[in-house]
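> Pasting the sequence and the predicted coordinates here, then a few questions.
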Amino acid sequence: SFEINIQAIDHWSTDARQDAWFSACSLHSVIENLDIKPKWISIISDNGPHYHNSELMVIMSKWYEWYGIQVKKWIFLEAGEAKTTVDSHHAQISLSIKRYIRIGGEIQEGSDITSAIKNIAGTSVAHIEPNQIKENKGKSMTIPGISNWFEWTWPIEGEDAGYIKARAMPNVGKWTLFSPAHIQKLLKGEINQPSPQVSETTKPKSPWKIPIPHSSGICPKRLPLQELTNELQNRKVDYGNQNKRQKLVEILDKELTHETLEKKESCLRNRSMLHKEYTTRLSDITEFPLSSGWATKEVQKYGKKGGGKRIKKSISAILEECFLAGNVDKSYRMTAQDM
């Protein structure tokens, strides 16, 4: 195939707790809805507290036992940097709800959300109610330094099988390992497999497919006819006497996909060769790949999250009153010095 088939699965719920267990239940629902289960998955998400927390990282270590699926890695993107395809989907949902209201619909209950967004390409919608079991809600477990690590992995083979591994940046620096014994100490009681109540998932009305991205950033569908022919001629692609724009778009799409796949194979071969060279000349290569002056978050000494002195609760309450008074009546607004 020369296209990427994207499937979006959205949930609505009356449970207002957006926590680690809700995330685990949502992921469970997604996996159970797949007709063909993958052997492994990689996850990329924003840095929200309902994802980037100790409880969910420990839950993910159970996935191979529960589902027979290896979680190869989970990469967290910094806040405000998650400009991914997911963001465009969120925008589509917002626009669909606005359109639904504009044409006379009302959003009064969850089923109305389903009606509003079910026609988005490649999108399935379901109602989910997590099973908030008391056994899973003991005292919060905490992995020390969790906010410093943005790449996580859960090996199932080799000497690190059963460990949780984390590091500050994807593909950079040393791994920090948490042994099965360490993980067991973090657990406050047994973690059970999620079993949320999930309604029947709607079926997409149309597929959501995108071409495999090319490094040049060329989008054939947006090129005028003359530029399409120029791109094909520059690549010495024979398109015969074809002059229909749609056909030329398909031909250029295939050519760009071939180039991308060939480049990827070449990169993988080069990476393999570099890895062999690295292992034989380890002592001659610096351990940290960035230039002097750079440091990972885990070794940061100043300005760390949660570091420094904290404002007393009594002072915080007074400051809050000052802000609220200024919001109600602008004449009461004060500068920081006045406060």
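Okay, I see it. Being a predicted model, the structure only gives us computed values, none of them experimental. Numbering: from 1, shown residues only.
> tell me the contacts of the residue most central in space within the chain?
When CA atoms, centre = their mean is applied to the chain, the residue found nearest the centroid is residue 45 (1.9 Å). The contact partners of residue 45, by CB atoms under 8 Å, 6 or more residues apart in numbering, come to 51, 74-77, 82. Bear in mind the C-beta positions are built from the backbone N, C-alpha and C, glycine included.
> bridging residues for it?
Beta-bridge pairing for residue 45 (DSSP bridges): residue 76.
> pLDDT value on it, please?
Looking at residue 45, its pLDDT is 88.
> Determine which two of the contacts of residue 45 are furthest apart.
74 and 82 (13.4 Å; CB to CB).
> out of the two, which sits in the busier spot?
residue 74 (21 against 15; other CB atoms under 10 Å).
> mind listing what's buried in the host helix or strand of the more buried one?
For residue 74, the host element (DSSP states H and E) is strand 70-76. Under the neighbour-count criterion of 16 or more other CB atoms under 10 Å, strand 70-76 has 70-71, 73-74, 76 buried.
> now do stretch 169-177
For stretch 169-177, by 16+ other CB under 10 Å, it's 169, 173, 175-176.
> With adjacent residues omitted, what lies nearest to residue 110?
The shortest distance from residue 110 to any non-neighbouring residue, by CB to CB, 6 or more residues apart in numbering, is to residue 12 (4.4 Å).
> what pairs with the one you found across the strands?
Applying DSSP bridges to residue 12, the residues it is bridged with are residue 127.
> count of neighbours near residue 102?
Count around residue 102 with other CB under 10 Å applied: 8.
> Quick check, pLDDT for it.
94.
> Any stretches of this structure with poor pLDDT?
For the chain, residues meeting the criterion pLDDT under 70 lie at 1-2, 79-85, 133-140, 271-293, 297, 300-308.
> for it, what spans make up the strands?
3-6, 8-12, 40-45, 70-76, 123-129, 151-153, 164-167, 176-178, 197-198, 208-211 (DSSP state E).
> which helices and strands sit right next to the first one?
The criterion is 3 or more CB pairs under 8 Å, 6 or more residues apart in numbering; DSSP states H and E, and the helices and strands that strand 3-6 contacts are strand 208-211.
> mind running it again at 10 Å?
helix 85-102, strand 208-211 (3 or more CB pairs under 10 Å, 6 or more residues apart in numbering; DSSP states H and E).
> on that earlier part again, in TSV, list the buried residues of stretch 169-177 along with distance to residue 162.
Output for these, formatted as TSV (distance: CB to CB, whole Å):
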residue	distance to residue 162
169	24
173	22
175	14
176	15
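> So which of the residues you listed is the closest to residue 330?
Among the buried residues of stretch 169-177, and counting by CB to CB, the member closest to residue 330 is residue 169, at 45.2 Å.
> how close does residue 16 get to residue 114?
The span separating residue 16 from residue 114 equals 18 Å under the rule CB to CB, to the nearest Å.
> Residue 27 and residue 59 touch, don't they?
Yes: contact criterion CB atoms under 10 Å: residue 27 and residue 59 qualify, at 8.8 Å.
> Spit out the residues that contact those two alike.
residue 194 (CB atoms under 10 Å, 6 or more residues apart in numbering).
> and residue 182, how many neighbours?
Neighbours of residue 182 using other CB under 10 Å come to 12.
> do the same with residue 183
19.
> so how far is residue 143 from it?
Distance from residue 183 to residue 143, by CB to CB: 9 Å.
> just curious, which of the contacts of residue 45 is nearest to residue 222?
Of those, the one sitting nearest to residue 222 (CB to CB) turns out to be residue 82, at 24.7 Å.
> Around residue 187, how many other residues sit close by?
12.
> surely it meets residue 141?
Yes: Residue 187 is within contact range of residue 141, at 6.6 Å (criterion: CB under 10 Å).
> Common neighbours of those two, please.
Common neighbours of residue 187 and residue 141 (CB under 10 Å, 6+ apart) are 55, 58.
> quick one, longest helix in the chain?
Assignment by DSSP state H gives helix 245-280 as the longest helix of the chain.
> I'd like the distance from it to the chain centre, please.
24 Å (CA atoms, centre = their mean, to the nearest Å).
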